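1. Okay, here's the prediction I keep looking at, along with the sequence it came from:
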Amino acid sequence: MSADLGTGPAGPVFRPVVGRPGTEDPLVASLVEASARTTKTGLPKATVLLAVIVLAASLKARSTLLPLYAVAVTLVALMFFALAYSSWRVPPEARRRLVREPMREVVLGGDDLLETRRSVYVRLAPDSWHRIRLGSVVRDFLARERRVFVLGPDESGRALVFLPGSPVAGLAKTRREPPREAKPVPGLPWQPGAPKDDPVLRALVRYQRRLLLAVAAFLMLVAVWVALYLPSQLTRLGDDAGLTGMFLLVYAAVLVYLAGKLLVRRSRVGKAAHALDWTPLRVTLDYEPPRDKRALTIPGRVWAPDGTQTPVQLLNVTINLAMAAYLSGQLWVIGAPEKGSLLIGLPGYPTLGSARLGLPR
């Protein structure tokens, strides 16, 4: 594992070892292996679980608990299709082969980074293009960085692609050419400033707010369904109506609670796009972030400019953010740090997370 200075003031961030096999970089190798293992073992489990739930729902087609079955089928089906898609895109064994390839740094010229309305296309090699579907999130970031790190592509056009500062591989199934309507992405110079002026952070905030709103709306729709479905079903249950009705009411209340938490989170994330400053704090994590997890919670300590020491806990942050804090010894707080929940990130990088600040010691 190595570190390289980022293009902004964020300090050292993760950088893979160029020219050496990915297996020689412990963090890259561990995360690729964890990804391959999750897909290989998770797909059969999701298949069996989906079949069991569908069978149970079909046997109880007129059951009062139909909302439970419907939500379970939806969630497990989403998990199944996500695993199946990643397995089709780059199968687990192909990932293990690719990680043995030398890591390449691909510098993106004017015609190597193209965009359409919803996607960004990156040239990884001659006649080899990688499509990034979340183009709005990474467009400005790649326009400024103008580089990616690549393992592959292999003879089937599969590759592992790493964005600057990220040890998590994107799964690429390349195509020979981009769409005809794709246009070059102009370069974007680094302009240090407030979070509200950072186009990379603003794009990430917009995406996260849309995603949180969509999930909250789904939970609320299910809760409304339960509320409308319940009265028509309880009349035919007789003596069991009270217990079943109470169970479904609690279920609906939990869904409303979770939707409310997501909406609160959405509101807090939105504040990042209006923050006036970054506050760097000196930080020491209690231990090195585990190398096989993409998201984690990890405790540590921060020091105020006056030397006051305060416990802090990074809450389910990405490995990108955790490794940046570990390597640089800095925690970048969006806005002024106050006791309780904080929004944290990296100036100029598409990453956003939460932390909890304790009382000074």
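-> Arrived safely.
2. Identify each of the helices in the stretch 1-150 of the chain and give its residue range.
-> 26-59, 66-89, 92-98, 135-145 (DSSP state H, counting those that start in this stretch).
3. Identify all contacting residues around the last one.
-> It refers to helix 135-145. Identification of contacts with helix 135-145 by C-beta atoms under 8 Å, 6 or more residues apart in numbering yields 7, 108, 113, 115-116, 118-120, 122, 132, 148, 163-164, 185-190, 199-200, 203-204, 206-207, 348-350. From N, CA and C alone the C-beta is placed, and that goes for glycine too.
4. what about the residue sitting nearest the centre point of the chain, distance to Glu115?
-> Centroid check for the chain by C-alpha atoms, centre = their mean gives Thr318 as the closest residue, at 7.0 Å. Distance of Thr318 to Glu115, computed by C-beta to C-beta, to the nearest Å: 24 Å.
5. Isn't the residue nearest to the centre of the chain up against Thr297?
-> No - judged on C-beta atoms under 8 Å, Thr318 makes no contact with Thr297 at a distance of 11.6 Å.
6. isn't Leu113 right next to Ser119, touching?
-> No - counting by C-beta under 8 Å, Leu113 stays clear of Ser119, with 11.7 Å between them.
7. Looking at these two, which is more packed in?
-> Leu113 (23 against 17; other C-beta atoms under 10 Å).
8. Model confidence score at Gly157, please.
-> Looking at Gly157, its pLDDT stands at 94.
9. Quick check: it vs Arg89, distance?
-> 11 Å.
10. Name the residues contacting each of the two.
-> Lys173.
11. Tell me which of the two has more neighbours.
-> Gly157 (19 against 14).
12. ok, for the more buried one, nearest residue in space, not its chain neighbours?
-> The shortest distance from Gly157 to any non-neighbouring residue, by C-beta to C-beta, 6 or more residues apart in numbering, is to Thr174 (4.2 Å).
13. Run through the residues that contact that neighbour.
-> Shown in contact with Thr174 (C-beta under 8 Å, 6+ apart): 124-125, 128-130, 153, 157-159.
14. after the longest helix along the chain, next one along is what?
-> If you go by DSSP state H, the chain has its longest helix at helix 199-234. As assigned by DSSP states H and E, the chain's next helix or strand after helix 199-234 is helix 241-272.
15. Measure how that next one sits relative to helix 199-234, angle-wise.
-> In terms of direction (axes from the mean of the first three to the mean of the last three C-alpha atoms, to 10 degrees), helix 241-272 departs from helix 199-234 by 170 degrees.
16. from what I can see Ala56 touches Tyr69, true?
-> Yes - with contact defined as C-beta under 8 Å, Ala56 counts as touching Tyr69 (6.7 Å).
17. Map the structural domains onto the sequence of this protein.
-> Domain assignment for the chain by automatic domain parsing gives 2-184, 196-272, 278-357.
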